[in-house]
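>>> Pasting the sequence and the predicted coordinates here, then a few questions.
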Amino acid sequence: MYIISLSRSSKKFMQSISGKDYKLVSLALASLESDPYQSGCTKLKGIENTFRIRAGNYRILYQVYDKVLTVEVVDIGNRKDIYE
């Protein structure tokens, strides 16, 4: 099992979304605990060790540290704004 660590901006985003979307993103985050390399994750080009997964219209950007079994969520946001 991996430990999930949310960045400050990720925590702030989670507090700002509606209940339905919160549940959707929370389920995606929970799935990262058991397998951060799950099908549907995409490695980002140009940023070492960084991946993304979809959660509805949202994207979760995260980094995986296998030596310490940690997944650090770098950012969560709407798919049109997340890569800026």
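Right, received. Where do you want to start?
>>> When you work out contacts or count neighbours from here on, use the C-alpha atoms and nothing else.
Will do.
>>> give me the number of residues near Ile17?
Number of residues near Ile17 (other CA atoms under 10 Å) recorded here: 13.
>>> so Glu33 touches Ser5, yeah?
No: counting by CA atoms under 8 Å, Ser5 is not a contact partner of Glu33; they are 10.2 Å apart.
>>> Give the residues shared as contacts by the two.
With contacts defined as CA atoms under 8 Å, 6 or more residues apart in numbering, the residues shared by Glu33 and Ser5 are Val71.
>>> The residue most central in space within the chain bridge partners, please.
In the chain, the residue lying closest to the centroid (CA atoms, centre = their mean) is Ile60, at 3.1 Å. Here Ile60 shows beta-bridge partners Ile53, Ile76, assigned using DSSP bridges.
>>> begin at 36 from here
Understood, numbering begins at 36; the last thing we discussed is Ile95.
>>> What residues does the nearest residue to Ser69 once chain neighbours are set aside make contact with?
For Ser69, the nearest residue in space outside its immediate sequence neighbours is Met36; the separation is 5.2 Å by CA to CA, 6 or more residues apart in numbering. Under the criterion of CA under 8 Å, 6+ apart, the contact list for Met36 reads 68-70, 104.
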